[in-house]
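**Q** what's the 3D shape of this:
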Amino acid sequence: MNQRKIIPVVIGVIIKDGRYLLTKRAEWNPEDEGVQDHPWQFPGGALEFGESIEQCLHREIKEEVGVDLGSVTLLPEIFHEVRNNWHGVFVCFICELKDTKQKIRLNEEATEYAWLTIPEIKKLPILPKTIEIAELTEKQKNIID
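**A** Residues are numbered from 1 along each chain as shown. A predicted model of the protein is given here:
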């Protein structure tokens, strides 16, 4: 019998020059059944035992896209998604690069990346919640600026 899992996931919504960084997933877990045809997502990943939310954010971004973050701001909404026996709880941050000249270096989890506007994101096969997170980020960014 498959055990049901609730997984805290930390997501970095990285913005540069008004565009959002998305990555295209290379592999799928069994829990991803039903969304395999939607590979584009924001970088991020699961919280590890003993790790703070912000430590997870910085670790996941460094591992997945090879950059260091500067300013980060917590989005004021928690998102969640249920797929089979997996329940992801998404804690999202608006992120700026520590140095805008950093080069994106993908690890094995992604095959490509793109800097996109929200209208461009809407045209891609994206994971659930991606557009809602982007739109909330846009609203928050306008409040912060």
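
**Q** buried set for the top helix by length along the chain?
**A** Assignment by DSSP state H gives helix 130-144 as the longest helix of the chain. By neighbour count on 16 or more other Cβ atoms under 10 Å, the buried set for helix 130-144 is 130, 133-134, 136-138, 140. For glycine as for every other residue, the C-beta is placed from the backbone atoms N, C-alpha and C.

**Q** Can you name every helix or strand that it contacts?
**A** Other helices and strands packing on helix 130-144, by 3 or more Cβ pairs under 8 Å, 6 or more residues apart in numbering; DSSP states H and E, are strand 5-16, strand 19-25, strand 86-97, helix 118-122.

**Q** Of the ones you listed, give the one that comes closest to S71.
**A** Distance to S71, taken as Cβ to Cβ, is lowest for strand 86-97 among the helices and strands packed on helix 130-144, at 4.6 Å.

**Q** Now do the closest residue to I121 other than its chain neighbours against L69, distance only.
**A** Excluding the flanking residues, the one nearest I121 by Cβ to Cβ, 6 or more residues apart in numbering is A134, at 5.7 Å. Computed as Cβ to Cβ, to the nearest Å, the A134 to L69 distance reads 18 Å.

**Q** any idea how far the lowest-mean-pLDDT helix or strand in the chain is from the chain center?
**A** Here the helix or strand of the chain ranked lowest by mean pLDDT, DSSP states H and E is helix 130-144, holding a mean of 90. Put simply, helix 130-144 sits 13 Å off its chain's centre (Cα atoms, centre = their mean, to the nearest Å).

**Q** if we can go back for a sec, let's have the buried residues of helix 130-144 in a markdown table, adding distance to W40.
**A** Listed next are the buried residues of helix 130-144 as a markdown table, based on distance: Cβ to Cβ, whole Å:
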| residue | distance to W40 |
| --- | --- |
| T130 | 7 |
| I133 | 12 |
| A134 | 11 |
| L136 | 17 |
| T137 | 15 |
| E138 | 17 |
| Q140 | 21 |
